[in-house]
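# Fold the stuff below for me.
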Amino acid sequence: MRAAGRRVPALLALVSAALIVTDTITPLEPLRAFGSAVYGGLEDAAAAGVRWASGAHRLERLERENARLRAELLAARGARPSPARADGYEVVPAHVIGFSRDGTVTIDAGSDRGVARDMTVFDGDGLVGRVLRAGPGTATVQLATASGASIGARLAGSREVGLVTGVPERGLLRLSLLNPSAEVRPGDRVVTLGSRDMRPYAPDVPIGTVIAVEPAPDALTKTALVRPFARLTALDLVTVVLGPLPDAADPAVDAPEDTGKSHSGKEKKD
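Okay, here's the model as predicted:
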């Protein structure tokens, strides 16, 4: 054991001497360059992978933030006076957490946040649908393109009134105008007509764009195919309209009238 212990320092000294001699006779610079190229390339690749993962995560975060801002912007637009109603929206944000083949989605907001049946749901692009039922923490939303969906609508330009129904097999909507003589052409925007107390649909929420006018089977109605603004197969952040905001107090109504008399019933003196 002692002999082996004495051999180790001697062996290390011999290897060191050999490396010095080798470096003198045959420079090790090419080997160093080779090692630098190989390991440096691997290091760069690893760093690029880390940067890519970090960039992808940051992009996803920015996309979610962008979707949130779009939804807030649309809510703000709806809060402005419209021909259908002058009240604003009281809304709650939610995320779509489940998709179903029956034309419904599940959101992560329910009755504990004020969500109830027949409330409008939209995102930063346009109308999504209406709430079918709500539990304490989640709610089921019927998409606008579902086979059973029926939405009062109007052309944004001419304000002609009609009905929008789902065409689920094509991911489209069908607009049936009440006025068979109404002018409608591809590119026309369609918005919601609105309902009493904004349920099931708030007024003037963008629905979609007319892409084709269908041949009229009779002279009673005129129909057109509409492509939804909202990407109903790629939903994330949505907004639920709880109802109109409480009306602001009207000073002209709530303030006591100046009749020239004091509260005791006597006339005021100058």
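# so who does Leu220 touch?
Pro180 (CB atoms under 8 Å, 6 or more residues apart in numbering). From N, CA and C alone the C-beta is placed, and that goes for glycine too.
# What's the separation between it and Asn179?
To Asn179, Leu220 is 10 Å away according to CB to CB, to the nearest Å.
# Tell me which helix or strand comes right after the host helix or strand of Ala153.
Per DSSP states H and E: Ala153 is located in strand 150-155. Next along the chain after strand 150-155, taking DSSP H and E as the criterion, comes strand 161-167.
# For Thr231, give me its contacts.
Not quite, residue 231 is Arg, not Thr. Going by CB under 8 Å, 6+ apart, the list of residues near Arg231 reads Asp125.
# State the phi and psi torsions of it.
Dihedral pair for Arg231: phi -90, psi 90, per degrees, to the nearest 10.
# How much space separates it from Val161?
27 Å.
# now do Phe99
32 Å.
# Likewise for Gly110?
Applying CB to CB, one obtains 33 Å for the distance of Gly110 from Val161.
# who's more crowded, these two?
The neighbour comparison of Gly110 against Val161 (other CB atoms under 10 Å) goes to Gly110, with 21 against 14.
# May I ask you to confirm that the more buried one is in contact with Arg133?
No - Gly110 is beyond contact range of Arg133, at 9.5 Å (criterion: CB atoms under 8 Å).
# Quick check: which ranges of this structure have low pLDDT?
Applying pLDDT under 70 to the chain flags the ranges 1-88, 217-219, 247-270.
# which stretches of it form helices?
Remark: helices assigned in the chain by DSSP state H are 2-25, 29-79, 251-254.
# Extract the C-alpha trace of the strand holding Ala153 and format it as CSV.
Taking Å, rounded to 0.1, in the frame of the first residue of the first chain, the C-alpha atoms of strand 150-155 are listed here in CSV:
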residue,chain,number,x,y,z
SER,A,150,-80.8,31.8,-31.9
ILE,A,151,-79.7,35.4,-31.6
GLY,A,152,-81.5,38.7,-32.4
ALA,A,153,-79.3,40.7,-34.7
ARG,A,154,-79.0,43.7,-37.0
LEU,A,155,-76.8,45.0,-39.7
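# List the pairing partners of it within its sheet, with orientation.
Here strand 150-155 is paired, per DSSP bridges, with strand 161-167 (antiparallel), strand 189-192 (antiparallel).
# List the contacts of it.
So strand 150-155 is contacted by 127, 144, 160-165, 175, 177, 182, 184, 188-195, 201, 207 (CB under 8 Å, 6+ apart).
# ok, the residue nearest to Gly135 when sequence neighbours are not counted - contacts?
Closest residue in space to Gly135, ignoring its immediate chain neighbours: Gly110 at 4.9 Å, by CB to CB, 6 or more residues apart in numbering. By CB under 8 Å, 6+ apart, the contact list for Gly110 reads Ala134, Gly135, Pro136, Gly137, Thr138, Ala139.
# Most neighbours among those, please name it.
Within the contacts of Gly110, neighbour counts (other CB under 10 Å) peak at Ala139, which reaches 25 neighbours.
# unless I'm mixing things up, that one is touching Ala109, no?
Yes - taking contacts as CB under 8 Å, Ala139 lies within contact range of Ala109: 6.3 Å.
# Now do the shared contacts for these two.
Common neighbours of Ala139 and Ala109 (criterion: CB under 8 Å, 6+ apart): Ala94, Val115, Val240.
# export those to JSON lines and tack on distance to Ala149 and neighbour count?
Listed next are those as JSON lines, based on distance: CB to CB, whole Å; neighbours: other CB atoms under 10 Å:
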{"residue": "Ala94", "distance to Ala149": "19", "neighbour count": "22"}
{"residue": "Val115", "distance to Ala149": "18", "neighbour count": "25"}
{"residue": "Val240", "distance to Ala149": "17", "neighbour count": "27"}
